[in-house]
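>>> Predicted model follows, preceded by the sequence.
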Amino acid sequence: MRLRLHTAGESHGPAIVAWLDGLPAGLQIDRAALGRDLARRQRGYGRGGRQKIERDEAEILSGLRGGKTLGSPLAIVVANRDHASWVESMHPWDPPLPGREDRITRPRPGHADLAGALKYGTHDVRDVLERASARSTAARVAAGAICKQLLAAFNLRVVGHVLSIGDVTSDPPRLDLDALADAAEASDVRCADAEAGARMCAAIDAARRRGDSLGGVVEVMATGVPPGLGSTADWDLRMDGRLAQAVMSIQAVKGVEIGAGFASARTPGSQVHDPIHRAEGRFVRPTNHAGGVEGGMTNGEAVIVRAAMKPIPTLARPLASVDLVSKEAFDAAKERTDSCAVPACAVVAEAAVAFVLCDAFLDKFGGDAMPETVRNYQGFMRQLEEY
């Protein structure tokens, strides 16, 4: 793998940090586009009070000069404004003052609380939940925004949108990717089907009144992807595996499919595999059940990835739990929570897919600087035309 991404930071710590290494020198970074993606992650019907506090902005501390990458690691910092209210509880050296411990001993069902407490031998699940929080996805979205800008330089576009929330499913209109993106961005729930989007908002309202939460399904589409990204040679280089791992690693995602996915297991092969035609000097397929990936490699069609996100586990009406210290039965602890974070998940999944595609793109076309990457890419595209 060419690109490396490490993230750091706690939900109520001073900042969330991304360290992105492996980009070629000379990539022009659009600061406004980076900010827009961070703002998109914060929006969405059903989000909680934290989003009213934070105003995510990315500060790049290294690897950039005059708006262009240097080929050295990018250090990206997104400050946590809410940290000001948690300084005593989250100080890296000083213990909290008496009465400000903010200790949590009642793990929430469905969260990392109990498993993490058992793993690290702590009775205070705040030590676990601070890093397990989806607040860390701000770093992944920032890095993904950079990756999307590199891909866009080669006419690759990555767009995420919502297909369903709870039991409300959409029937997105057949639009080109730009129109689909515009329709999704105009929706409070990032759904291109306006009628279904209104019903999704109503379902979120109903869940909020019950003190409950809702999950859903998001889809990420990438167009302009050349064939041959990924590899069939080694299991850990297969494109479908890399995409699935990246998307499944997003908090609360419990299922990932590419193309027809699980439906292909119930369908005869004659209706699953995409016929190959030749038209206008290139290989084309009238269908895309494979989701743009065959044999661990992209095949030149649009890459389509879907993710199933479970409902947020922090509930306004908590489920039963057990206190880790007293071992007595109690209701789980409550933190600030969203009723639904599916629209935000679409943005995070978009960033995850963009990172994997960018990594695979640089695997294939390499280059220490953008002009070299451009030459390598153009040479391959000419090879395809002559094939």
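Perfect, thanks for sending it. Small disclaimer: the values here were computed from a predicted structure and weren't measured. Residues are numbered from 1 along each chain as shown.
>>> make it CA atoms for all contacts and neighbour counts henceforth
Fine.
>>> Please enumerate the helices of the stretch 151-300 of the chain.
177-185, 194-209, 239-248 (DSSP state H, counting those that start in this stretch).
>>> Tell me which residues touch the nearest residue to residue 218 once chain neighbours are set aside, please.
Once flanking residues are discounted, residue 218 sits nearest to residue 162: 4.4 Å by C-alpha to C-alpha, 6 or more residues apart in numbering. Taking C-alpha atoms under 8 Å, 6 or more residues apart in numbering as the contact definition, residue 162 lies against 184, 189, 190, 191, 192, 216, 217, 218, 219, 342, 343, 346.
>>> how close does the third one sit to residue 68?
The span separating residue 190 from residue 68 equals 31 Å under the rule C-alpha to C-alpha, to the nearest Å.
>>> Between helix 177-185 and the longest helix seen in the chain, find me the angle.
Assignment by DSSP state H gives helix 342-365 as the longest helix of the chain. Going by axes from the mean of the first three to the mean of the last three C-alpha atoms, to 10 degrees, helix 342-365 is angled at 150 degrees with respect to helix 177-185.
>>> Report the rounded mean pLDDT for helix 342-365.
For helix 342-365, the mean per-residue pLDDT is 98.
>>> helices and strands around the next helix-or-strand element following it, which ones?
Of the helices and strands lying after helix 342-365 in sequence (DSSP states H and E), the nearest is helix 370-386. Packing partners of helix 370-386 (3 or more C-alpha pairs under 8 Å, 6 or more residues apart in numbering; DSSP states H and E): helix 342-365.
>>> Tell me how far the helix it packs on lies from the chain's centre.
Relative to the centre of its chain, helix 342-365 is centred 7 Å away, using C-alpha atoms, centre = their mean, to the nearest Å.
>>> export that helix as CSV, just CAs?
The C-alpha coordinates for helix 342-365 follow below in CSV (Å, rounded to 0.1, in the frame of the first residue of the first chain):
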residue,chain,number,x,y,z
VAL,A,342,-27.0,7.8,8.8
PRO,A,343,-26.6,11.0,6.7
ALA,A,344,-23.2,11.6,8.3
CYS,A,345,-22.2,8.0,7.7
ALA,A,346,-22.7,8.6,4.0
VAL,A,347,-20.0,11.3,4.1
VAL,A,348,-17.6,9.1,6.2
ALA,A,349,-18.1,6.1,3.8
GLU,A,350,-17.5,8.4,0.9
ALA,A,351,-14.1,9.4,2.5
ALA,A,352,-13.3,5.7,3.3
VAL,A,353,-13.9,4.7,-0.3
ALA,A,354,-11.9,7.7,-1.7
PHE,A,355,-8.9,6.7,0.5
VAL,A,356,-8.9,3.1,-0.7
LEU,A,357,-9.3,4.2,-4.4
CYS,A,358,-6.6,6.8,-4.0
ASP,A,359,-4.2,4.3,-2.4
ALA,A,360,-4.8,1.8,-5.2
PHE,A,361,-4.5,4.5,-7.8
LEU,A,362,-1.1,5.5,-6.5
ASP,A,363,-0.1,1.8,-6.2
LYS,A,364,-0.6,1.5,-9.9
PHE,A,365,0.5,4.9,-11.2
